[in-house]
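Colleague: with the input below, show me the fold.
(one chain, ligands or ions: 2)
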Amino acid sequence: MPSEDVRELLLSRIKDVPDYPKPGVMFKDITPLLADPKAFAALTDALVELAVRYGATKIVGLEARGFILAAPVAVQAGIGFVPVRKAGKLPGATLAQSYELEYGTAEIEVHAEDLAAGDRVMVIDDVLATGGTAEASLSLIRRAGAEVAGVAVLMELSFLPGRLRLADALGAAPLDALIVV
Ligand SMILES: O=P(O)(O)OC[C@H]1O[C@H](OP(=O)(O)OP(=O)(O)O)[C@H](O)[C@@H]1O
Ligand SMILES: Nc1ncnc2[nH]cnc12
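Modeller: Ligands and ions are numbered 1, 2, ... in the order given. Sure thing, here's the model as predicted:
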């Protein structure tokens, strides 16, 4: 896990935006972190360290902010990147998984041929909130026949039950949050 100094650097580059995208939500804006090359590199290094610890052979990034974080990790770790996209964006044969949001439902997809038995998959996203998106991604990975090596997020919102919601789907796989608020 990153040092206290690195965690403080990362936290200092995440901006709280009240009442976005709707009243009552405190939005965690990571764009200042992405704009700071030292912070972005430190974040990438911390996630690569986890990828090595997990023994990951594939990196899954969750659209859209997860893509930004996951892609440099895949390159630096020297393993493949697989996008999990919101429904309707992938041209090939897909596996789809719908999931509950706070209000209503959503659906994500992965190209079926991108994951297979023998793959150990690390999931990367920026924020773990209710856990719905991450939970659905774990279903896709397992349905593709691959193994979940671990889930890593930049920030876990501990006032929401994401970790609890993910517990069953994780099984023995770890969930690591670089920052918990
Ligand atoms: O734990 P959950 O309640 O599922 O929420 C977390 C998800 O919500 C955000 O994505 P969003 O769907 O807003 O999409 P974006 O990355 O395209 O902005 C965030 O990037 C996570 O993927
Ligand atoms: N509060 C929040 N900030 C940023 N991304 C989120 N995704 C879900 N909840 C979020």
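Colleague: quick check, Ser137 in a helix?
Modeller: Yes. Counting by DSSP: H, G, I helix; E, B strand; the rest coil, Ser137 is part of a helix.
Colleague: Glu63 is in contact with that one, correct?
Modeller: No. Ser137 is not in contact with Glu63 according to Cβ atoms under 8 Å; the separation is 10.0 Å. Every residue, glycine included, has its C-beta placed from N, CA and C.
Colleague: can you list residues touching both of these two?
Modeller: Both Ser137 and Glu63 are contacted by 84, 108, under the criterion Cβ atoms under 8 Å, 6 or more residues apart in numbering.
Colleague: list the contacts of Asp19.
Modeller: Asp19 neighbours (Cβ under 8 Å, 6+ apart): Val25.
Colleague: adjust the sequence numbering to begin at 13 for everything that follows.
Modeller: Renumbered: residue one is now 13, and that last one reads Asp31.
Colleague: now it: phi and psi?
Modeller: Phi and psi for Asp31, reported as degrees, to the nearest 10, are phi 60, psi 30.
Colleague: assumed Leu22 was part of a helix.
Modeller: Yes. Leu22 sits within a helix when classified using three-state DSSP.
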